[in-house]
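# What follows is a predicted protein model with its sequence.
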Amino acid sequence: MLGEADPPDGDLLGGRGLHYSHGPTPALVGVSVGAAAKEILAVTGPRGSGKTTLLRCLSGQLTPDEGQVRYDDFDVYALPVARRERMRLEHFGWIDPKPELVPELSVWENAALPLLLAGATHREAKRRAGEWLDRLDAGDLGRARPRALTAAQAQRVCIARALVMEPAVLFADEPTAALHRAEGVRVLRTLVAAARSHSITTVLASHDAEAHELADRTVTLVDGRRTGPGVPTPAESAEGAAEDSTGGSSETEDSCSLSV
Ligand SMILES: Nc1ncnc2c1ncn2[C@@H]1O[C@H](COP(=O)(O)OP(=O)(O)OP(=O)(O)O)[C@@H](O)[C@H]1O
């Protein structure tokens, strides 16, 4: 029998009844959301609707005031802090809106940083970082310094860095927010293709309509609340795969279901 924090079958990651306030400002109000293994889940909503706060709660960075986060067999916030941090390093990748690289390091060293910190040899780290830079269409930039990169190139390197440990779950918080639109679309497509090809579950916060097009499912937040059941993407509709575990009923903000 499922316990309070257990996700239903198929969900690798789930938040249940999440509440979070930044001081007096409520950012999440009873949000429940889940992502199945290998799923690309888009989280959309207007500015200030709680997308970043949700991703930070789901990724173990921000302890919710109420509610639970479950990843695989872990009740994330019941873990001792050191164990939770290790789990984050080993299982989760994170991409910020604005690309931040270490200016003193070359591109490949930036991409390889998590591997080097985890104790990989220089040769192994360089090989694996090079493979990810290639997949992100940034393979020819390996020896460059960050100051020589465009914003889009820098974000590709940040994505390579987030994927180099081959995480189970990738969290991407408005990864194209700092890019020109056309570049942003190209970067987003490359990101989603890389995640799909390596079966990496992805939670993608974005204002961009392209994110909805590329995702398997979309959830929408408004003022910190889910606005309704998951919106099927064109791909999902085409497959007729509306496997709504709620049997078609609308998921309310206090629902205990983790399925979107
Ligand atoms: N550090 C903070 N201190 C105070 N209030 C905050 C803080 N971070 C977020 N908020 C507030 O919490 C609410 C949700 O913010 P959040 O950043 O999660 O939304 P968002 O949907 O990611 O917004 P955006 O699209 O602008 O990035 C907003 O009202 C925001 O102003």
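Received it, and whenever you're ready, just let me know what you need. Numbering: from 1, shown residues only.
# from the middle of its chain, how far away would stretch 214-225 be?
13 Å (C-alpha atoms, centre = their mean, to the nearest Å).
# Next, the distance between the ends of that stretch.
End-to-end span of stretch 214-225 (C-alpha to C-alpha, to the nearest Å): 23 Å.
# What residues does the stretch 151-260 of the chain have near the ligand?
The stretch 151-260 of the chain has residues Glu174 near the ligand, with proximity defined as C-beta under 6 Å from any ligand atom. Bear in mind the C-beta positions are built from the backbone N, C-alpha and C, glycine included.
# just the helices in the stretch 151-260 of the chain please.
151-163, 181-197, 209-214, 234-239 (DSSP state H, counting those that start in this stretch).
# Grab the most central residue of this structure for me.
Residue closest to the average C-alpha location in the chain (C-alpha atoms, centre = their mean): Phe171, at 1.6 Å.
# any idea how far His180 is from that residue?
When distance is defined by C-beta to C-beta, to the nearest Å, Phe171 is 23 Å away from His180.
# And for Leu105?
Here Leu105 is placed at a distance of 26 Å from His180 (C-beta to C-beta).
# ok, these two, which is more surrounded?
Shown here are Leu105 and His180; by other C-beta atoms under 10 Å, Leu105 has more neighbours (15 against 12).
# In three-state terms, label that one for me.
Recorded secondary structure, Leu105: coil (DSSP: H, G, I helix; E, B strand; the rest coil).
# show me the contacts for Lys38.
In this structure, Lys38 makes contact with Arg196, Ser199, Ile200, Thr201, judged by C-beta atoms under 8 Å, 6 or more residues apart in numbering.
# from those residues, which is closest to Cys57?
Thr201 (16.1 Å; C-beta to C-beta).
# So for the closest one, what's the nearest residue that isn't a sequence neighbour?
Distances taken as C-beta to C-beta, 6 or more residues apart in numbering place Val169 nearest to Thr201, at 4.7 Å, with adjacent residues excluded.
# pLDDT at that neighbour, what is it?
The model reports Val169 with a pLDDT of 98.
# Please apply the same query to Ala209.
pLDDT, Ala209: 83.
# before we move on, the earlier item: could you dump the contacts of Lys38 into TSV and include distance to Arg161, pLDDT and neighbour count?
Shown next, in TSV, are those (distance: C-beta to C-beta, whole Å; pLDDT from 0 to 100; neighbours: other C-beta atoms under 10 Å):
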residue	distance to Arg161	pLDDT	neighbour count
Arg196	19	96	14
Ser199	19	96	11
Ile200	14	97	22
Thr201	18	98	22
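# In strands, which of those fall?
Those of the contacts of Lys38 mapping onto strands are Thr201, per DSSP state E.
# where does the stretch 151-260 of the chain dip in pLDDT?
Residues of the stretch 151-260 of the chain meeting the criterion pLDDT under 70: 228-260.
# Near the residue nearest to Arg135 when sequence neighbours are not counted, how many residues? Count them for me, please.
Among residues not flanking Arg135 along the chain, Ala194 sits closest, at 5.1 Å (C-beta to C-beta, 6+ apart). Close neighbours of Ala194, defined as other C-beta under 10 Å, add up to 21.
# give the contact list for Ala194.
Ala194 sits next to Trp132, Arg135, Leu136, Ile159, Leu163, Ile200 when contact means C-beta under 8 Å, 6+ apart.
# Would you mind confirming that Gly30 makes contact with Gly67?
Yes - using C-beta atoms under 8 Å, Gly30 makes contact with Gly67 at a distance of 7.4 Å.
# All set now, cheers.
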